[in-house]
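# whatever this is, show me its structure:
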Amino acid sequence: MSDQPPPLIEERLESLLSQYPPKATPPEQFWGAQFDHGLAWVRFPEGCGGLDQDQRWQTYVEERIAEAGGSTANREINVVGLAMAAPTLVGHAPTDLQHRLLRPLFNSSEIWCQLFSEPGAGSDIAGLATSAVRDGADWVINGQKVWTTLAHRARWGLLLARTDPNVPKHRGLTYFVLDMSAPGVEIRPLYELTGEAEFNEVYLENVRVPDTHRLGEEGSGWSVALTTLMNERASAGRDIGARGSGSIATAMELWKAGGGGNNPVRRYQLARFWAAAEVLRLTELRAAASAGRGTPGPEGSVAKLRWSELNQAITNFSLDLLGAAGMTYPGGYQFVRPDSSQVHSGIPQKAFLRARANSIEGGTSQIMRTILADRVLRLPAEPRDDRSKPWKEIRRQ
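Numbers count the residues shown, from 1 in each chain. This next block holds a predicted model:
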């Protein structure tokens, strides 16, 4: 494949940047124009924010926009929307629903959240108990979801619910787009170690969802959910930035400011962390370039697992560089509900606390290893006795 982008992409970029100079255009307006030019996700169909081009050119588009001073804040403001909801909608939603939802999703005028995990079904999502019962042209939803990122800001939610308890757990699920402002939706904050409530509990009591907001066929929710989950694992917490960016940048700044006292052991550790972060960045760039147009495969679990553990190790190292100051918390605990994802933070103490969630969110490290063993290495599967039982007969805590 040529190293030069297709003429269509160049033409659209020139048009976008000349008509809407990023430094002089409000971000939301610029993102809307980027969508209209087909440069939101170049692999998506035309009319859905794309140009039907190979995924590899998305990195080129984003680099050109960044060089012109364009904001990428929508990636943090609407991380679930851009990384998970968009590919799920393009893969499974009716065309009219795609056209209604994708543009405000990309310009972040409508925030999205993911309603999968439950108190009794975290790692085992297919075991969820939230029910959806058909009532004419609607579905009536009852249940509880937990660890829902930015639910308090969300306009729409990706909802997985059980529509048939009489079949095995993976076969009785159906996928919906939920209006978070609908009657019966109650959102309660979950405060974290950082003192912020990025996550939430969501209670659903007789919430009505129109059948037109169903993604995929009734009972095929698990296959739709796999699109969401694979994209989540391919992108969880990670924005493929420039060399030396992210948590390693914070560690480098602390070192340059005198942290670690120029200790040779600390210097060696820092060099190893920097190299590991760069290897991961290059691996993710290669994966993005070869992803083509399809849903990411189970190999995405490799990057998710490695990122989770490396980010925790680097933030822990940064706290060590602070010495006694690492025991403080700048600004104190405000107990606020943030407007954007808090995965990344330039405050070492906050980054250290937030990183504890990395090996849980987007699939625990244990689950990632199981996926890799089963689907990549093809090792014998762990014994299970719930594959063929009806969901209602499975023992639950």
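# what ranges does the stretch 1-150 of the chain have for its strands?
Ranges of strands in the stretch 1-150 of the chain, per DSSP state E, counting those that start in this stretch, are 112-115, 131-135, 138-145.
# for these, which one ends up most surrounded?
strand 112-115 (a mean of 28; mean count of other CB atoms under 10 Å). Glycine gets a C-beta too; all of them are placed from N, C-alpha and C.
# so what touches it?
Contacts with strand 112-115, where a contact means CB atoms under 8 Å, 6 or more residues apart in numbering, come from 78, 80-81, 84-85, 105, 130, 145, 148-151, 153-160, 178, 180, 200, 202, 228, 232.
# restricted to buried residues, select the residues you listed in ChimeraX.
Typed into ChimeraX, the line below selects the buried ones among the contacts of strand 112-115, using 16 or more other CB atoms under 10 Å:
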select :78,80,81,84,85,105,130,145,148,149,150,151,153,154,155,156,157,158,159,160,178,180,200,202,228,232
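# and Arg64, what does it touch?
Contacts of Arg64 (CB under 8 Å, 6+ apart): 13, 17.
# ignore the last one, Ser341
76-77, 79, 149-150, 198.
# closest to Asp339 out of the strands of the stretch 1-150 of the chain?
Closest to Asp339 of the strands of the stretch 1-150 of the chain, according to CB to CB: strand 112-115, at 13.1 Å.
# centre of the chain to that closest one, how far?
Relative to its parent chain, strand 112-115 has a centroid offset of 10 Å by CA atoms, centre = their mean, to the nearest Å.
# doesn't Ile125 make contact with Ser117?
Yes: contact criterion CB atoms under 8 Å: Ser117 and Ile125 qualify, at 6.7 Å.
# can you give me the helices in the stretch 151-300 of the chain?
221-235, 247-256, 264-290, 300-322 (DSSP state H, counting those that start in this stretch).
# packing partners for the first one?
In other words, helix 221-235. Here helix 221-235 touches helix 86-92, strand 156-162, strand 173-179, helix 300-322, going by 3 or more CB pairs under 8 Å, 6 or more residues apart in numbering; DSSP states H and E.
# was I right about Leu160 contacting Ala225?
Yes: assessed by CB under 8 Å, Leu160 is found in contact with Ala225 at 5.3 Å.
# need the residues touching each of those two.
116, 125, 173, 175.
# bridging residues for Leu178?
Beta-bridge pairing for Leu178 (DSSP bridges): Gly157.
# quick revisit: please name whichever of the strands of the stretch 1-150 of the chain is nearest to Asn206.
When the strands of the stretch 1-150 of the chain are compared by CB to CB, strand 138-145 sits nearest Asn206, at 5.7 Å.
# touching the closest one from outside, list them.
Contacts of strand 138-145 (CB under 8 Å, 6+ apart): 115-119, 128-133, 159, 161, 163, 174, 176, 178, 184, 201-211, 214.
# closest to Pro168 out of the helices of the stretch 151-300 of the chain?
Closest among the helices of the stretch 151-300 of the chain, using CB to CB: helix 221-235, at 10.0 Å.
# send the alpha carbons of that closest one over as PDB?
Only the C-alpha atoms of helix 221-235 are listed here, as PDB (Å, rounded to 0.1, in the frame of the first residue of the first chain):
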ATOM      1  CA  GLY A 221     -27.200  -9.100  22.100                       C
ATOM      2  CA  TRP A 222     -24.000 -11.000  23.000                       C
ATOM      3  CA  SER A 223     -22.700 -10.800  19.500                       C
ATOM      4  CA  VAL A 224     -23.400  -7.100  19.400                       C
ATOM      5  CA  ALA A 225     -21.800  -6.700  22.800                       C
ATOM      6  CA  LEU A 226     -18.600  -8.300  21.600                       C
ATOM      7  CA  THR A 227     -18.200  -5.400  19.200                       C
ATOM      8  CA  THR A 228     -18.400  -3.000  22.100                       C
ATOM      9  CA  LEU A 229     -16.100  -5.100  24.300                       C
ATOM     10  CA  MET A 230     -13.400  -5.600  21.700                       C
ATOM     11  CA  ASN A 231     -13.300  -1.900  20.900                       C
ATOM     12  CA  GLU A 232     -13.200  -1.100  24.600                       C
ATOM     13  CA  ARG A 233     -10.200  -3.400  25.200                       C
ATOM     14  CA  ALA A 234      -8.500  -2.000  22.200                       C
ATOM     15  CA  SER A 235      -8.800   1.500  23.500                       C
END
